[in-house]
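Novice: Got a predicted structure plus its sequence, pasted below:
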Amino acid sequence: MSTETSRDDFIIAIRSAFLKKGNRQKFSLFTLLIISILVLSLEYFKTGPVNQFRSITKDIIFRGSYVLSGPFKYVKNKYYLFQDHMSMYEEFSVLRDKDLDLDSLRKEVDFYKSENALLKKLIEERDLFSKEFMLTKILLDKQSPYMKSLIINKGQKNGVKLGSAVKDRLYYIGKVVNVNFLSARVLLANDLNSKIPIIIEPSGINAILSGNGNDDYAELEYLPKDNEIKENEIVYTSGSDGTIPASIPVGKIIIQENKKYVKFFSNLNQLNYVQVNK
């Protein structure tokens, strides 16, 4: 009799524990739901304390995502490194089996040297660059077929301002569109929403550089119908919007099927550090 009573008590205790656990789980889910609603509702309030809380929350999320994405980036970089190694080996094998035309190679090198010298001369003559840029590290890259943006590790605390130009080395790649306390978001020039006033040299023609989601080139809008723009002409920021400094190189003109595009000087898929205008 006592044995059966003990067993019944044991079963009742287990059931009670599970019921309590179920209640706790329901309470936890309900609590998380309420917290999520509160966090989402903060986007509709623009008061000082709420803005500061939202900014700090975004900083925590961005930096946490950066830490968690570290191992994946490491594996990705190693994979690309292996691919580059195999590609170089294949190219070496092809070159080893071919009789190289050294005279043709020398002429090609001379051509690129003269082209490089011409570009440097253009840069020096126009005093192109604002030197007030700060170096920042990319925490995250938000890439989709048409939306292209980066999260950088400096924000309001470091003097980053909304609308500031962003460069990769000497070349324009985008602008700051959102600033948090310790981080900021950069809209790249190839994003579908990017519209940048530019000038094409030496033609001197103004137009709008419009992102189309392509990583290599962007489109041109508001070009004069009877323009005489030639391939390989250089595209610079015009500065007519009043926020982005003038005369930062963006890319060069390419012509495909009688339509003119701008091929970026920078590889927008291989960015680790960028410079932000102070």
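Specialist: Sure thing, it's come through.
Novice: Enumerate every residue touching Leu139.
Specialist: By Cβ atoms under 8 Å, 6 or more residues apart in numbering, the contact set of Leu139 is Phe62, Arg63, Ser65, Tyr66, Ile151, Ile152, Asn153, Ser183. Just so you know, the C-beta spots here come from the backbone N, C-alpha and C atoms, and that holds for glycine as well.
Novice: Can I have the buried ones of those residues as a ChimeraX selection?
Specialist: The following ChimeraX line selects those of the contacts of Leu139 that are buried, judged by 16 or more other Cβ atoms under 10 Å:
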select :62,63,66,151,152,153,183
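Novice: which pair in the contacts of Leu139 spans the largest distance?
Specialist: Using Cβ to Cβ, these span at most 13.3 Å, a distance reached by Ser65 and Ile152.
Novice: who touches stretch 177-189?
Specialist: Stretch 177-189 is contacted by residues 52, 55-56, 58-59, 62-63, 139, 142, 148-157, 160-163, 166, 172-176, 193-194, 196, 209, 211, 218, 250, 264, 268, 274, 276 when judged by Cβ under 8 Å, 6+ apart.
Novice: if we go to 6 Å?
Specialist: With Cβ atoms under 6 Å, 6 or more residues apart in numbering as the test, stretch 177-189 has contacts from 55, 58-59, 62, 148-152, 155-157, 160, 162, 166, 173-176, 194, 211, 268.
Novice: For that stretch, list every residue counted as buried.
Specialist: For stretch 177-189, burial by neighbour count (16+ other Cβ under 10 Å) applies to Val177, Val179, Asn180, Phe181, Leu182, Ser183, Ala184, Arg185, Val186, Leu187, Leu188, Ala189.
Novice: quick one on the thing from earlier: would you list the contacts of Leu139 in CSV and tack on distance to Glu108 and pLDDT?
Specialist: Below are the contacts of Leu139 laid out as CSV (distance: Cβ to Cβ, whole Å; pLDDT from 0 to 100):
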residue, distance to Glu108, pLDDT
Phe62, 45, 73
Arg63, 47, 74
Ser65, 45, 73
Tyr66, 42, 72
Ile151, 40, 93
Ile152, 38, 94
Asn153, 41, 93
Ser183, 44, 93
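Novice: isn't Phe264 right up against Lys252?
Specialist: No: between Phe264 and Lys252 there is no contact under Cβ atoms under 6 Å: 8.9 Å.
Novice: okay, these two: which has more neighbours?
Specialist: Set side by side, Phe264 and Lys252 show more neighbours around Phe264, with 24 against 18, by other Cβ atoms under 10 Å.
Novice: Apart from its chain neighbours, what residue comes closest to the more buried one?
Specialist: Excluding the flanking residues, the one nearest Phe264 by Cβ to Cβ, 6 or more residues apart in numbering is Gly251, at 4.5 Å.
Novice: Can you name the residues in contact with stretch 213-233?
Specialist: By Cβ under 6 Å, 6+ apart, the list of residues contacting stretch 213-233 from outside reads 145-146, 190, 192, 200, 203, 205, 207-212, 252-253, 255, 260-263, 268-269.
Novice: Ok, stretch 196-211 next?
Specialist: 189-192, 194-195, 218-223, 227, 229, 233-238, 240-241, 262.
Novice: what about dumping the CA coordinates of stretch 243-262 to PDB?
Specialist: Taking C-alpha atoms only, stretch 243-262 is exported to PDB below (Å, rounded to 0.1, in the frame of the first residue of the first chain):
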ATOM      1  CA  THR A 243      27.000  67.100 -49.700                       C
ATOM      2  CA  ILE A 244      29.500  65.000 -51.600                       C
ATOM      3  CA  PRO A 245      32.800  66.700 -52.500                       C
ATOM      4  CA  ALA A 246      33.500  67.300 -56.100                       C
ATOM      5  CA  SER A 247      36.100  65.600 -58.300                       C
ATOM      6  CA  ILE A 248      36.300  62.200 -56.600                       C
ATOM      7  CA  PRO A 249      37.000  59.600 -59.300                       C
ATOM      8  CA  VAL A 250      34.200  57.000 -59.600                       C
ATOM      9  CA  GLY A 251      35.000  55.000 -62.800                       C
ATOM     10  CA  LYS A 252      35.400  55.100 -66.500                       C
ATOM     11  CA  ILE A 253      33.000  55.000 -69.500                       C
ATOM     12  CA  ILE A 254      32.300  51.700 -71.200                       C
ATOM     13  CA  ILE A 255      30.100  51.300 -74.300                       C
ATOM     14  CA  GLN A 256      28.000  48.200 -74.800                       C
ATOM     15  CA  GLU A 257      25.400  48.000 -77.700                       C
ATOM     16  CA  ASN A 258      25.600  51.800 -78.200                       C
ATOM     17  CA  LYS A 259      24.700  52.400 -74.500                       C
ATOM     18  CA  LYS A 260      27.100  54.100 -72.100                       C
ATOM     19  CA  TYR A 261      27.800  52.800 -68.600                       C
ATOM     20  CA  VAL A 262      30.300  53.600 -65.900                       C
END
